[in-house]
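Enquirer: Here is a sequence with its predicted model. Questions after.
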Amino acid sequence: MAPIKDIISLGAGCYWGTEKYVRNDFQKRFPNSIKSATVGFMSPDENHMKNPSYRQVCSGTTGHVEVLDVELNDPSEGMVKELLRFFFLFHDPTTMDRQGNDAGTQYASAIFVSNEEQKKIAKDVIAELQSALDGGTARYTGTKVATAVHDYTKFYPAQDEHQEYLMKNPSGYCNHRLRMPEW
């Protein structure tokens, strides 16, 4: 088996909340697990617009998703699985291109994987979550996981004022919340 890559991008609606939950809450559970985390944009289509601005992505016309680009200190199968399980705790993976009041393709629930090993882990975690939904142990708006798994393409960092936004503006907008402690 090839080594698991250390970079994965997560789309869970507004990237400010994704960054807050991964940088703060995931790191509390797994200290020093994150080497870096940067908010920005990624498209599942390599032919989409290059280096889009925040305003362009917010228009919903570029095909980009707001993501958190995460570099793990420990890219083991166990750590990638823990990160993905945690990812599903703070957003609703059953709503297509929507998180709360935020609607549009830029707010999709998406996982951009760097290699086949990450893809297998992502699909296994999604199947596990779907089983929990089917069994009634996980509750979201819908009953089917809508999270897309895409190959990692080009990551475009958002402008500096969007990095660590909720750390700098604790009362800033965030539609994320821990929906359940575990599943």
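Expert: That came through fine. Residues are numbered from 1 along each chain as shown.

Enquirer: Select the longest helix from the protein.
Expert: helix 116-134 (DSSP state H).

Enquirer: Which elements pack onto that helix?
Expert: Contacts of helix 116-134 with other secondary structure elements, assessed using 3 or more CB pairs under 8 Å, 6 or more residues apart in numbering; DSSP states H and E, are made with helix 77-87, strand 109-113, strand 148-151. From N, CA and C alone the C-beta is placed, and that goes for glycine too.

Enquirer: and it, average pLDDT?
Expert: Throughout helix 116-134, pLDDT has a mean value of 96.

Enquirer: From what I see, Ala103 and Asp97 are in contact.
Expert: Yes: in this structure, Ala103 sits in contact with Asp97. The criterion is CB atoms under 8 Å, and the distance is 6.6 Å.

Enquirer: Of the two, which one has the most company?
Expert: Neighbours around Ala103 and Asp97, counted as other CB atoms under 10 Å, are more numerous at Asp97. The numbers are 18 against 14.

Enquirer: would you list every one of the strands in this protein?
Expert: Taking DSSP state E, the strands of the chain run over residues 7-12, 34-42, 65-72, 98-99, 102-103, 109-113, 148-151, 156-157.

Enquirer: What confidence value was assigned to the residue lying closest to His150 once chain neighbours are set aside?
Expert: Closest residue to His150 in three dimensions, ignoring its sequence neighbours and counting by CB to CB, 6 or more residues apart in numbering: Pro44, at 4.0 Å. Among the per-residue scores, Pro44 shows a pLDDT of 96.

Enquirer: Quick check on Pro44: phi, psi?
Expert: phi -70, psi -10 (degrees, to the nearest 10).

Enquirer: my guess is it meets Thr105, correct?
Expert: No: taking contact to mean CB under 8 Å, the distance of 9.8 Å between Pro44 and Thr105 leaves them out of contact.
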